[in-house]
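Student: starting from these lines, generate the structure:
(one chain, ligands or ions: 2)
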Amino acid sequence: MLEKLTETFSGITRRLSGNTRLSENNIREAVEEIKMALLEADVNLRVVRRLVNRTIDDALGEKVLKSINPGQQFIKIIHDRIVALLGDGTAELELKGPDVVSVILMAGLQGSGKTTTAAKLAFRLKSEGRRVMLVAADLTRPAAAEQLEILAAQVGVAIYREDGGKPEKVAKNALKRAGKEQFNVLIIDTAGRMQADEELMKEIRRVKDSVIPDEILLVADAMTGQNAVEIAGSFDETLNLTGIILSKFDSDARGGAALSLKSVIGKPVKFIGIGEKIENLEPFHPDRIASRILGMGDVVSLVEKVQETIESDEAEKLQVKMAKATFTLEDYLDQFSRMRKMGSVQSLLEMIPGMAGQIDESKLDEAQWKREEAIILSMTLEERRNHRIIGPPRRKRIARGSGTSVSAVNRLLKNFDKSRNMMKKMAKNKKLQQQLMGGMAGQKI
Ligand SMILES: Nc1nc2c(ncn2[C@@H]2O[C@H](COP(=O)(O)OP(=O)(O)O)[C@@H](O)[C@H]2O)c(=O)[nH]1
Ligand SMILES: [Mg+2]
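Tutor: Ligands and ions are numbered 1, 2, ... in the order given. Now for the predicted structure:
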């Protein structure tokens, strides 16, 4: 899903992120490219227009052109716009407490994935410790209830079905049963048609009225094009949806229509289906999807996090020191307290694209930090500023003072030399520097 879009956007990200100069023309060109990519991916035209106009407005403001790193600033704007397009944060299911029965109603066209998704949800809620009952209220074909029955057995949850009858009656009876038998969640699978028609809408409306669901979820096939948006609109009109689940997000469809849904009908996408198995259901994270499209890992949140903790003039000084390898143990010590404010280095570094696999976890634990901090604190200021003067007698003294060992002191000094060299190398590598230090140094992003 979204491969083509990702390709184009990642290209833009790569091209611009290192730019320290950006002209109005650069911005207009990039926005034009973005516009074409979105249209090609089948994102709704109105949605594209809105996104493009806002992006231009934001990007041409003083802030971008005059900032230290306009390229990154601009990418951040695109990122925020895409996040806004996809939703405001991750939307959770809103269910009642455990002592009452909550009802989830599944709606959607035939083949959209309602039955499968009902089972996936059951699996998810069951693993959260809820007692779930599936309800077969698709009475158009006997095979429909059988499909649900098989899935229910697979998930290990109860199923309620009746032979014949009306869907709204079945739903109501199921709710009664669920109350009596202390189930917490009822998930009602309903019938679909090839096209949304009057009869289907009336039927599902009656089911809704008979049980008053907490969640009314439209299952929309992410592979379908713009008419999915229209269909979603008509379901919303009839049912007042509480959310959308995009099924088949694992397909290689262009995906733009699916991405337009939130913007056009104003209801959040709560989950995405990413395969046929019952565990293939994921919460929908707009920011992660946006980062993925832009090919930037979680770099935006990284930049924001770092920015909160390092002021930018200080950061600039640090960057220069890193580049010239005049970074001392004194600076290093200074970083400890800042780093601590940011959370573990591990989680921080993992947000950088391409870094995830490359970090030796053992080097990053808190205990290790504390030891290193203690060692540096046992040094004199002179030693901190020039670690090369620390010969064997000093090492012994420092080890004793910090309650560590000479070998721990040796290791720290050796590692410090190594990292200083790495920083120097990094500083020569323009791209990596932009990605790492530009972000780490918390420029005004
Ligand atoms: N690849 C993939 N297939 C899915 C997904 N969700 C549903 N399907 C498949 O889509 C088909 C229709 O699903 P079904 O639940 O019967 O749709 P319903 O008619 O709306 O109840 C089945 O073959 C499912 O296995 C998904 O997220 N990914
Ligand atoms: Mg079905």
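
Student: in what helix or strand does Val219 lie?
Tutor: strand 215-221 (DSSP states H and E).

Student: I'd like to know which elements that strand is packed against.
Tutor: On a contact count with 3 or more C-beta pairs under 8 Å, 6 or more residues apart in numbering; DSSP states H and E, strand 215-221 meets strand 102-107, helix 114-127, helix 227-239, strand 243-247. Using the backbone N, CA and C atoms, a C-beta is placed for each residue, glycine as well.

Student: would you format the ones you listed as a markdown table with mean pLDDT and distance to ligand 1 included?
Tutor: Compiled in a markdown table, the helices and strands packed on strand 215-221 are given as follows (pLDDT from 0 to 100; distance: least, C-beta to the nearest ligand atom, whole Å):
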| stretch | mean pLDDT | distance to ligand 1 |
| --- | --- | --- |
| strand 102-107 | 97 | 8 |
| helix 114-127 | 96 | 3 |
| helix 227-239 | 90 | 12 |
| strand 243-247 | 93 | 4 |
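
Student: could you dump those into JSON lines and include mean neighbour count?
Tutor: JSON lines is the format used below for those (neighbours: other C-beta atoms under 10 Å):
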{"stretch": "strand 102-107", "mean neighbour count": "26"}
{"stretch": "helix 114-127", "mean neighbour count": "23"}
{"stretch": "helix 227-239", "mean neighbour count": "19"}
{"stretch": "strand 243-247", "mean neighbour count": "27"}
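
Student: how about these in JSON lines, adding distance to Arg254?
Tutor: What follows is the helices and strands packed on strand 215-221, written out as JSON lines (distance: least, C-beta to C-beta, whole Å):
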{"stretch": "strand 102-107", "distance to Arg254": "24"}
{"stretch": "helix 114-127", "distance to Arg254": "21"}
{"stretch": "helix 227-239", "distance to Arg254": "12"}
{"stretch": "strand 243-247", "distance to Arg254": "13"}
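
Student: let me have the ones you listed in a markdown table, adding distance to ligand 2 as columns.
Tutor: A markdown table is the format used below for those (distance: least, C-beta to the ion, whole Å):
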| stretch | distance to ligand 2 |
| --- | --- |
| strand 102-107 | 9 |
| helix 114-127 | 3 |
| helix 227-239 | 15 |
| strand 243-247 | 11 |
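
Student: what residues does the chain have near ligand 1?
Tutor: 108, 110-116, 192, 247-248, 250, 273-276, 280 (C-beta under 6 Å from any ligand atom).

Student: apart from its chain neighbours, what residue comes closest to Leu51?
Tutor: Distance criterion C-beta to C-beta, 6 or more residues apart in numbering; nearest residue to Leu51, sequence neighbours excluded, is Arg81 at 5.3 Å.

Student: the strand holding Val219 near ligand 2 anywhere?
Tutor: No: Strand 215-221 stays clear of ligand 2 (C-beta under 5 Å from the ion), getting no nearer than 9.3 Å.

Student: got the angle between that strand and strand 243-247?
Tutor: 30 degrees (axes from the mean of the first three to the mean of the last three C-alpha atoms, to 10 degrees).

Student: which parts of the stretch 51-200 of the chain are helices?
Tutor: 62-66, 70-86, 114-127, 142-155, 167-180, 198-211 (DSSP state H, counting those that start in this stretch).

Student: confirm Ala253 sits in a helix?
Tutor: No: according to DSSP: H, G, I helix; E, B strand; the rest coil, Ala253 belongs to no helix; its state is coil.

Student: number of residues surrounding Glu29?
Tutor: 12 (other C-beta atoms under 10 Å).

Student: again, but for the one 10 residues further on
Tutor: By other C-beta under 10 Å, the residues close to Leu39 number 15.

Student: so it touches Arg49, yeah?
Tutor: No: under the criterion of C-beta atoms under 8 Å, Leu39 is not in contact with Arg49, lying 9.9 Å apart.

Student: for the stretch 201-350 of the chain, give the residue positioned nearest to ligand 1.
Tutor: Gly273 (2.5 Å; C-beta to the nearest ligand atom).

Student: okay, and the beta partners of the residue nearest to that residue when sequence neighbours are not counted?
Tutor: The spatial neighbour of Gly273 that comes closest, neighbours along the chain excluded (C-beta to C-beta, 6+ apart), is Ser247 at 3.8 Å. In this entry, Ser247 is beta-bridged to Asp221, by DSSP bridges.

Student: ok, now which ones touch Ser247?
Tutor: 112-113, 116-117, 219-222, 272-273 (C-beta atoms under 8 Å, 6 or more residues apart in numbering).

Student: what's the lowest-pLDDT member of those residues?
Tutor: In terms of pLDDT, the lowest of the contacts of Ser247 is Ala222, showing 86.

Student: for whichever residue of the stretch 151-300 of the chain sits closest to ligand 2, list the residues it contacts.
Tutor: Closest to ligand 2 within the stretch 151-300 of the chain is Asp189: 6.0 Å, counting by C-beta to the ion. Shown in contact with Asp189 (C-beta under 8 Å, 6+ apart): 106, 114-115, 118, 134-138, 144, 148.
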